[in-house]
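Asker: Okay, sequence plus prediction incoming.
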Amino acid sequence: MSVTWFGATVDISQVEVNGRIYDRRETTKAEFNLCNANARVLLDLLGLDITEELCGECPVPEVRRAIIRAHATIDNRLHELVRPNEVVYGPPSTDEDGVVELHPVRCFGQGLSEDGIRDRLSRFESFFFDACREGAVSIVWS
């Protein structure tokens with residue numbers, strides 16, 4: 001699962017889907033994508049609302065302020081945002097060739113380092129400026 005950010009420019013029309021009216025938005029070509037776990041970290045760092053569904057919209061001036069605030073506070077917040085690698089082991093099992101695995105790896109959760117958090121903020125900022133150059137009036141994520 002992942003979250004994609006894009007710039008929304010102007011309302012161009014309304015469309016009806018299953019009896020509900022939605023605004024259809026023109027969007028920028030610039031977009032930015034992160035896995036859900038990293039998206040939560042970035043939204044938290046930016047101070048933007050984190051909904052259960054990981055979707056939202058924010059006007060460009062507010063996003064610009066959020067980026068400035070994130071840069072100003074990142075050094076104090078990194079320790080709470082870092083996520084270590086996580087290995088989850090399954091129960092012992094026998095492979096097809098008869099070998100018994102006592103601690104088979106069930107899944108590996110990629111962590112997020114301080115440098116990784118800084119990198120994602122920098123990449124998001126680059127996306128933001130690209131979207132603004134394309135005429136974005138708000139940033140939308142879902």
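Answerer: The structure has been received and is ready for your questions. From a predicted model like this one, the values you see are computed outputs, not experimental measurements.
Asker: How far off centre is the longest helix seen in the chain?
Answerer: Longest helix in the chain by number of residues, with DSSP state H as the criterion: helix 60-81. What separates the centre of helix 60-81 from the centre of its chain is 15 Å, taken as C-alpha atoms, centre = their mean, to the nearest Å.
Asker: What helices and strands are in contact with it?
Answerer: helix 36-46, helix 114-133, strand 138-141 (3 or more C-beta pairs under 8 Å, 6 or more residues apart in numbering; DSSP states H and E). The way it works is simple: take the backbone N, C-alpha and C, and place the C-beta from them, glycine included.
Asker: angle of the longest one against helix 60-81?
Answerer: For helix 114-133 against helix 60-81, the angle between stretch directions is 170 degrees (axes from the mean of the first three to the mean of the last three C-alpha atoms, to 10 degrees).
Asker: per-residue pLDDT, the closest residue to S142 other than its chain neighbours?
Answerer: Setting aside the residues directly before and after it, S142 is nearest to C55 in space (C-beta to C-beta, 6 or more residues apart in numbering), at 3.9 Å. pLDDT, C55: 89.
Asker: Skip the chain neighbours and tell me the closest residue to the spatially most central residue of the chain.
Answerer: Nearest to the mean C-alpha position of the chain, by C-alpha atoms, centre = their mean, lies A39 at 2.3 Å. Take A39 and drop its neighbours on the chain: the residue closest to it by C-beta to C-beta, 6+ apart is V3, 3.7 Å away.
Asker: tell me which strands and helices the helix or strand hosting that neighbour is in contact with?
Answerer: V3 is located in strand 2-17, with elements delineated by DSSP states H and E. When contacts are defined as 3+ C-beta pairs under 8 Å, 6+ apart, strand 2-17 packs onto strand 20-35, helix 36-46, helix 114-133, strand 138-141.
Asker: One more pass at 10 Å, please.
Answerer: Secondary-structure packing of strand 2-17 (3 or more C-beta pairs under 10 Å, 6 or more residues apart in numbering; DSSP states H and E): strand 20-35, helix 36-46, strand 56-59, helix 60-81, helix 114-133, strand 138-141.
Asker: and the helices and strands packed on helix 60-81 as JSON lines, adding mean pLDDT and distance to P104?
Answerer: Shown next, in JSON lines, are these (pLDDT from 0 to 100; distance: least, C-beta to C-beta, whole Å):
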{"stretch": "helix 36-46", "mean pLDDT": "94", "distance to P104": "23"}
{"stretch": "helix 114-133", "mean pLDDT": "96", "distance to P104": "27"}
{"stretch": "strand 138-141", "mean pLDDT": "92", "distance to P104": "36"}
